[in-house]
Structures are given as structure tokens and as C-alpha cells.
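Trainee: Need a 3D model of the sequence below.
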Amino acid sequence: EVEHGEVSVVAGSDHRTVSTGLAMVVESGKPLGEPSQGMMRPDVTNLSKSSVNGEVNLHWSPISDASAYRAQLVYAADTYLVLLDQKVTEPKLAWNNISPGLYKIRLRSVDSKGLEGLNAELPFVVQGALAAPLSNSPVDGATLPNNTPWIAWSRVDEANSYTLQVAKDATFKTGVQEFSHLVNNYHKYSESLPAGDYYWRVLSVSPKQVKSPFGEVRTFKIND
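Mentor: Alright, predicted model coming up:
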């Protein structure tokens, strides 16, 4: 397949010119075929560019005349070193146990003759384990001035929601309240909490519903 310019192909007295955007398969001992339009690149415009926990899960729009797709993983800084090379029959990809780092993912369409099209390249960042939020407020051991507290924690870039647990004991077995699918990095109680000691912790949740461990446990007290 010719990406720029043109290529002359000669076999004995037979000759073909393959121009930009055209492709042909050349096999030893067989007559030259006619150049044909090269395969479309897969569309990577709206694909995710990062993941956590060493996972790569992509699903792109199918190409009507593609019989398969070629997927390759290369380092962003050394695109000649192919780390993974896989041919898939469906327009989706699932890789696991990828070391954290900066990569490029190459995707190519493959036609029924095995001719592969031009690369579509997707810059991709593989993160390590999803981080837990840092507990911010109330400060550990605080006695609160009211019984409808604000609880706040740090944002985690790779998270799209959080789960907060509040309990009456440090093992989170007594009086546990759980607030999930929190998109903001805080929670405001709308109903009054009874007087007493409380323990709280938060975890992060990724867009793929991967959960981090819970962060540090903190306490606060509400007086009578």
C-alpha cells in the first residue's frame, strides 16, 4: 500500500504503477494483479486515551469491507519496537497486565485477501493501580460544630465517581452508611446525625467500574 508518491512493480514483462492510496498483493510465481483502493483506517477519534490497572479495552466502529483488524502496541518513544501484535476479527481489543507507561496503539484494517491498510495511531497512557482519594475534611479527631457535616476528599484524575462509607466503629461493621456514585469530591449530610463518634473512608471508581482500595480512615465526633 502506497501512502505517498507512487511505486513501480515489475515482474518479467509485466508492469504496474501503484499510486498514493492504492494497494496490491504481489505473490511469487503469480501474475500481477490490478492495484485497488487501500483499506480505510479505523476511526480512533473518540477512543479512550488512558486506562488504569494495566488494562487496555477499546471498541471502534467497524469498517464494512474489513475481514479483520491488526492491533499493535509500541512505546511512544520507540515506535519500532512492537510489544504486542494481535489480529482480531471483531473491532474490539482487550489487553491485560500492561506495565504503566506511555504507548501508541496502532490499528489497521485487513481485507479478505489479507492486505492490511494504513495505521491509525492512538497515543495511550497506561496507569498503575487506581489511587484512593486522600481524606481532607473533617480533620482526624475533630469535634464538629453541627450535626450535618460536610465530608470532603481529594480528586483522583482517573476516577469518575467515589464511594463514601461512614460507620460507628473502625472496622465498618456497625451502623454503616454507604454513599456510592458520588461524582463530586464531597458529601453534605442533609439529615442530622445522632451524637457520637464516627469513622469515614472513601474509594475511587474508574469509568470501567474498577475500584481502588479504601483510603485512610478518619474520625469525627458530634456532641449532644
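
Trainee: Now do the contacts for the residue nearest the centre of the chain.
Mentor: The residue lying closest to the centre of the chain (Cα atoms, centre = their mean) is residue 51, at 3.1 Å. Contact analysis of residue 51 by Cβ atoms under 8 Å, 6 or more residues apart in numbering lists 57, 124-127, 208. (Glycine included, C-beta is placed from N, CA and C.)

Trainee: okay, and the helix or strand of this structure with the least pLDDT?
Mentor: The weakest-scoring helix or strand in the chain, judged by mean pLDDT, DSSP states H and E, is strand 36-37 (a mean of 76).

Trainee: Pairing partners for that one, with directions?
Mentor: As defined by DSSP bridges, the strand partners of strand 36-37 come to strand 22-23 (antiparallel).

Trainee: before we move on, back to that, out of the contacts of residue 51, which are buried?
Mentor: Using 16 or more other Cβ atoms under 10 Å as the burial test, those include 124, 126-127 as buried.

Trainee: What about those, which are in strands?
Mentor: Residues of the buried ones among the contacts of residue 51 located in strands (DSSP state E): 124, 126.

Trainee: Distance of residue 94 relative to residue 32?
Mentor: Relative to residue 32, residue 94 is positioned 39 Å away (Cβ to Cβ, to the nearest Å).

Trainee: Neighbour count: the two, which is higher?
Mentor: Set residue 94 next to residue 32 and count neighbours by other Cβ atoms under 10 Å: residue 32 wins out with 16 against 11.

Trainee: Would you mind putting the contacts of residue 51 into a markdown table with distance to residue 181 and pLDDT alongside?
Mentor: A markdown table is the format used below for these (distance: Cβ to Cβ, whole Å; pLDDT from 0 to 100):
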| residue | distance to residue 181 | pLDDT |
| --- | --- | --- |
| 57 | 21 | 92 |
| 124 | 27 | 96 |
| 125 | 25 | 93 |
| 126 | 26 | 93 |
| 127 | 22 | 86 |
| 208 | 15 | 80 |
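
Trainee: Let me know the closest of those residues to residue 10.
Mentor: residue 124 (40.4 Å; Cβ to Cβ).

Trainee: That closest one is in contact with residue 56, isn't it?
Mentor: Yes. Taking Cβ atoms under 8 Å as the definition, residue 124 is a contact partner of residue 56 at 6.9 Å.

Trainee: Now the common contact residues for those two.
Mentor: Counting by Cβ under 8 Å, 6+ apart, the residues touching both residue 124 and residue 56 are residue 105.

Trainee: Would you quantify the distance from the residue of the chain most remote from its centre to residue 99?
Mentor: Within the chain, residue 13 marks the point farthest from the mean C-alpha position, 51.9 Å out by Cα atoms, centre = their mean. With the distance defined as Cβ to Cβ, residue 13 ends up 53 Å from residue 99.

Trainee: How about residue 116?
Mentor: For residue 116 relative to residue 99 (Cβ to Cβ), the value is 27 Å.

Trainee: more neighbours, those two?
Mentor: residue 116 (18 against 9).
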